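In: structure, please.
(2 chains)
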Amino acid sequence: MSETSTATSTRKAVRLEATNHEGSLLGKNVSPAKFEAGKDSGFAFADILFAIDLSNEIVLGDAFPDWRGNLYDIAMVPDLSTLVEWKPGLDSVIGDYWLKDGSPVPICPRNLVKRLVARLTEHGYTATVAVEIEATLFEESVQEARGKGYRDLTPLGGSTGATYHLARSSDWVDYMEAVVARLDQVGIPWEAWTDEAAPGQTELNLAPTDPVRLADGWARTRQVMREVAFEQGHTVSFMAKPTAGFGQGAHINISLQRDGVNEYFAEDGPSELMRHSVGGLLATMAGATSVVMPQITSYRRLVDLTGPPTTVSWGVNNKTAAVRAITGHPKYSRLEYRLPGSDVNPYLALAAVLAGVLAGVEGRIEPPAEVTDMAWCLPEDCGVERIPDTMSKAGAALAADPLLRTYLGDEFVDFWVASRRWEWMEFHTKGGDPNASLSEWESTRYFELP
Amino acid sequence: MSAPTTVAPPPVRQELVHVAIEDDAAPLVRQLGRTLREAVLAGHPLDELSRSGGTVAVRSHDTPQAATITLGATIEVSGGVLAEPDATVVVDLHDRFAATEEPTGDAVLAAGVLRALRRPLPHWREAAARFWQETRAIPGIPDVLVVHVTGPDGPEEGRFGEGATAYEVTGPADLLAGVFTGADDFLAALGAGLQVKGTLSQLSVMTAASWKVRFDV
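Out: Residues are numbered from 1 along each chain as shown, chains lettered A, B, ... in the order given. Next up is the predicted model:
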């Protein structure tokens, strides 16, 4: 983004931005003088930002590492290559979290991605990634949505089913046109937008780029979509299931290049590198589920025949499988990782995918047999495992996954598993209802955040 | 009154009636399973109830939490209430399964289950010793638990474990027994008179320890 925008002399404030572990874009506005004073050394943020749940409760249940203690400060160091003019008078910049000794905070989502990208670089590979962002739009303002408990809202653009229909009403079109105009202004490359599988649902495709830049753009795109909704008096939700109807995901596409050449391409189908990447992604899929499906509601998506994958499976051009291999051309040969929900932390989603790819490449992991049939509704004895379908099962799988511990680090894994146990406990003991199609507790907690 | 620093191992306990919970169980199911196991071990007459069979729905009075206890050769606990039970009890999960309304259905069955769920707690010292033993494997758990008891008989103190890191807990005897057995929620107890001395990190780990004894997670 740095080449498309610069800080301005009319700056009145700078917004410091970074995600917490839940994926919410956090930050604060500082004066130009404060920003100039701290842009190199960083800005103090309480480490508690990594231990607050979506209801502002301190998450407990794990042993804090040394750097976490009695609400110590950590340093948010801005990455000046992300500095943009967000709107007249306000610049924004994304940063990472660092400890006082100069080392990265081990559970900082952006630093995790940077570390894994660097490990790929050691092998001579660069990763190109893209994402399909799904969200649901409602006519009501966020104040009206809150007043209704986020229930019985009116889908923007009509209440009929969708997918590629151009007969959307102008309110929906106006919204999306305003969103992509804002993306252009702040330098986030996008490729396409369309209506999606449910009333009010939209899909916005960000252009392929490197993982850190994509995650930055993804996090900011959610912010743009929210701000435009606020301005137009509408509401947007990135819940994995904002209604009891369709869910929404965030498919990630990835390819690996060496010296500018797509190493996933081979004349006769998946290259060896692509095969090994698939092997790693499937070997880590059960544990990665906890990361890419972070919330209670994330798991309500996992219904056979409705779109999301339900089995640890892959196949060439098979959209019913969890990993779709797209082959046949050096330009577009890639893997589509179809598991993440739209409520995922962008950085952690990419970290999980990169970890799986690295595990496969470094371990030369051969994938299981390709699923050439439909990957939904498979018999239990067919040798294809089901994706963990609850937060607790996924957390247990992550805790027991030695590969993800290697690539994401023990500290992150232990922290994340504990935070998911907290979330599971909050849901069950504070008013969530596992037997409801979508409980009020979930709507209150997840509709507006992350 | 001071206490020995060596913790005697708890007596070997034999389960007379097997209590089973479903896989991937919700907290309430885990809490019921643990409490019923403790009741069986404490000699409550659940075997009589088991011989007669039946199903009892247990519902939280203030949240959607619900579970079904099926009495039989094995006592099974499962989440939700999927079929018409023989009896229903509505309880306060933050008040040791105290019934908040009159049970419905089979009154004998309901009363028997409620009695088992509300068994008397052991002495705080026994509860603390068992708590400390059961939570040793939790990463980051302090080495030593120091318990200060406030009560009508004057101050008492217990010290459990040995090592460099200690955690101090102060409170009335009944509340301490409740926390150490898992009958009471640790964080809720902090608002009910429990006091602690230690780091925030240790508080976090103690929360995990309390979940271990309350929910077996």
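In: which stretches of chain B aren't confidently modelled?
Out: Within chain B, the stretches with pLDDT under 70 are B:1-16.
In: can you tell me the residue of it closest to chain A?
Out: B:Gly140 (2.4 Å; C-beta to the nearest C-beta). The way it works is simple: take the backbone N, C-alpha and C, and place the C-beta from them, glycine included.
In: tell me who's in contact with that residue.
Out: Contacts of B:Gly140 were listed using C-beta atoms under 8 Å, 6 or more residues apart in numbering or on different chains, and they are A:62-64, B:201-202, B:205.
In: and those residues, which is closest to B:Val147?
Out: Lowest distance from B:Val147 to the contacts of B:Gly140 (C-beta to C-beta) belongs to B:Gln202, with 14.6 Å.
In: the helix or strand that contains the closest one near chain A anywhere?
Out: For B:Gln202, the host element (DSSP states H and E) is helix B:200-215. Yes: Helix B:200-215 lies within reach of chain A by C-beta under 8 Å from any C-beta of the partner chain, at B:200-201, B:203-205, B:207-208, B:211, B:215.
In: would you mind giving these as a markdown table with distance to A:Leu354 and neighbour count added?
Out: Shown next, in a markdown table, are these (distance: C-beta to C-beta, whole Å; neighbours: other C-beta atoms under 10 Å in any protein chain shown):
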| residue | distance to A:Leu354 | neighbour count |
| --- | --- | --- |
| B:Leu200 | 32 | 17 |
| B:Ser201 | 30 | 19 |
| B:Leu203 | 34 | 18 |
| B:Ser204 | 29 | 22 |
| B:Val205 | 31 | 25 |
| B:Thr207 | 32 | 21 |
| B:Ala208 | 30 | 22 |
| B:Trp211 | 32 | 24 |
| B:Phe215 | 34 | 22 |
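In: and which of those residues is nearest B:Gly171?
Out: The closest of those to B:Gly171 turns out to be B:Leu203 (C-beta to C-beta; 14.6 Å).
In: how about residue 149, secondary structure?
Out: In the absence of a named chain, chain A is used. Assigned by DSSP: H, G, I helix; E, B strand; the rest coil, the conformation of A:Gly149 is coil.
In: meant chain B, my bad for not saying
Out: Following three-state DSSP, we place B:Val149 in the strand state.
In: likewise A:Pro308?
Out: Applying three-state DSSP: A:Pro308 is coil.
In: A:Gly328 too?
Out: Applying three-state DSSP: A:Gly328 is coil.
In: what about it, distance to A:Thr297?
Out: Remark: distance between A:Gly328 and A:Thr297 (C-beta to C-beta, to the nearest Å) = 36 Å.
In: between those two, point out the one with more neighbours.
Out: More crowded of A:Gly328 and A:Thr297, by other C-beta atoms under 10 Å in any protein chain shown: A:Thr297, with 26 against 15.
In: so the more buried one sits in a strand?
Out: No: applying three-state DSSP, one finds A:Thr297 to be helix, outside a strand.
In: can you tell me which two in the contacts of B:Gly140 are farthest apart?
Out: Maximum pairwise distance in those, criterion C-beta to C-beta, is 11.6 Å, between A:Asp62 and B:Gln202.
In: and the helix or strand containing A:Lys28, which strands flank it?
Out: Using DSSP H and E, A:Lys28 maps to strand A:25-30. Strand A:25-30 has the following strand partners under DSSP bridges: strand A:13-19 (antiparallel).
In: residues in contact with the partner strand: which ones?
Out: In contact with strand A:13-19 (C-beta under 8 Å, 6+ apart) are residues A:7, A:25-32, A:35, A:43, A:76, A:78, A:83, A:86, A:89-97, A:108-110, A:219-220, A:223, A:345-347, A:450.
In: out of the residues of helix B:200-215 next to chain A, who's nearest B:Ala189?
Out: Ranked by distance to B:Ala189 (C-beta to C-beta), these are led by B:Thr207 at 11.1 Å.
In: contacting residues for that closest one?
Out: B:Thr207 makes contact with A:60-61, B:186-187, according to C-beta under 8 Å, 6+ apart.
In: A:Asp62 and B:Gln202: which is more packed in?
Out: Taking other C-beta under 10 Å, A:Asp62 and B:Gln202 do not tie; A:Asp62 has more neighbours (25 against 21).
In: doesn't that one fall inside a helix?
Out: No: A:Asp62: not assigned to a helix; according to three-state DSSP it is coil.
In: who's in contact with it?
Out: With contact taken as C-beta under 8 Å, 6+ apart, A:Asp62 is in contact with A:414-415, A:417-419, B:139-140, B:204-205, B:208.
In: find the nearest non-adjacent residue to B:Ala128, please.
Out: Among residues not flanking B:Ala128 along the chain, B:Phe180 sits closest, at 4.9 Å (C-beta to C-beta, 6 or more residues apart in numbering or on different chains).
In: what about the one you found, how many neighbours?
Out: By the criterion of other C-beta under 10 Å, B:Phe180 has 30 neighbours.
In: can you tell me the SS state at residue 44?
Out: Using chain A. With three-state DSSP as the basis, A:Ala44 sits in strand.
In: correct me, but it touches A:Ala75?
Out: Yes: counting by C-beta atoms under 8 Å, A:Ala44 touches A:Ala75, with 6.5 Å between them.
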